[in-house]
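S.K.: output the structure for:
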Amino acid sequence: MTVTVDRRDRVGLVTITRPKARNAVNPATAQALFDAFMALEADEGIDVMILTGADGAFCAGFDLKTAADGSAADWIAAVHIPDGWTDPVAQPIPGPMGPTRLMLSKPVIAAIEGPAVAGGMELAAWCDMRVMAQGAVMGVYCRRWGVPLIDGGTFRLPHVVGQGRANDLILTGRPVEAGEASAIGLADRIVPQGQALPAALELAASLSRFPQGCLRADFLSARMPPAELAAALRREWASAAMFAAEGRAGAARFSQGQGRSGRFDDL
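M.R.: Residues are numbered from 1 along each chain as shown. You can find the predicted model right below:
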């Protein structure tokens, strides 16, 4: 089991449990994440959701070993965006990392310890609020491998931090630690190391105490329209498809041991 789902009163807690891979997402994990959030969205006993990772890591992105050995090929083909797709709400389909094409009616809070990088950063950006522990790090680490952002990062990052800062993060792939993440609006709460999940649970419980109809109406109104979200995801996917071969080559270099732990000096 690579994803666990727990209930904490009216809060649904989704945890990625691949600690030996720093909670990198393989196809089975992506499907499990998608299924977990769809189930919690439909659960009338749940008001708020939290996404986190086990053993001190949020998510190290998509598992590039599966991209290098070809075992992710069927999954990537399956999550291809069909022509005419215009509504992530009425036509939910998974993204490569799982839930990243969904627009849920309930808030999702990321509880971030350790790395939230590459696709893991896109998962964090998909969440509606981010609680980040000291010592955690975000970054578009896939820049080193020619692996494009295909889970909404190209438009969610500009929406969250502004175009200029997003350009910096997307072009350089550099690490962003908790202090800077807070300063640029990428993290909403900064807490001591080891306290991201307790703080996220406290925040989620506080949201669940409000009248939910009004909260969700305002929440939906504040976000981009579903058709606009679908158009942005289609554009991102089409752009990334042009560089698939470059990404496969980069994934192969990673699987051979280059660039581990965020290194840029051995590429």
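S.K.: which non-adjacent residue is nearest residue 194?
M.R.: Among residues not flanking residue 194 along the chain, residue 133 sits closest, at 6.6 Å (C-beta to C-beta, 6 or more residues apart in numbering). Every C-beta, even on glycine, is put in place using the N, C-alpha and C of the backbone.
S.K.: now for the one you found, how many residues are close by?
M.R.: Neighbour count of residue 133, defined by other C-beta atoms under 10 Å: 23.
S.K.: also residue 150?
M.R.: When neighbours are counted by other C-beta under 10 Å, residue 150 comes out with 25.
S.K.: pretty sure it is touching residue 101, no?
M.R.: No - between residue 150 and residue 101 there is no contact under C-beta atoms under 8 Å: 10.2 Å.
S.K.: so what sits against both of those two?
M.R.: Both residue 150 and residue 101 are contacted by residue 95, under the criterion C-beta atoms under 8 Å, 6 or more residues apart in numbering.
S.K.: who's in contact with residue 226?
M.R.: Taking C-beta under 8 Å, 6+ apart as the test, what residue 226 contacts is 86-90, 103.
S.K.: got phi/psi on it?
M.R.: Backbone torsions of residue 226, given as degrees, to the nearest 10, read phi -50, psi -40.
S.K.: and the average pLDDT for stretch 162-181 is what?
M.R.: Averaging pLDDT along stretch 162-181 gives 98.
S.K.: distance of residue 208 from residue 27?
M.R.: Distance of residue 208 to residue 27, computed by C-beta to C-beta, to the nearest Å: 32 Å.
S.K.: same question for residue 2.
M.R.: Residue 2 is 10 Å from residue 27, by C-beta to C-beta.
S.K.: and what of residue 97?
M.R.: Separation of residue 97 from residue 27 (C-beta to C-beta): 10 Å.
S.K.: more neighbours: those two, which one.
M.R.: residue 97 (27 against 21).
S.K.: hang on, the more buried one packs against residue 25?
M.R.: Yes - with contact defined as C-beta under 8 Å, residue 97 counts as touching residue 25 (5.3 Å).
S.K.: which residues do those two both contact?
M.R.: Counting by C-beta under 8 Å, 6+ apart, the residues touching both residue 97 and residue 25 are 33, 62, 119-120, 123.
S.K.: follow-up on the earlier one: tell me the two of the contacts of residue 226 that are most distant?
M.R.: Farthest apart among those by C-beta to C-beta are 86 and 103. That separation is 12.3 Å.
S.K.: having no further points to raise, I will conclude here.
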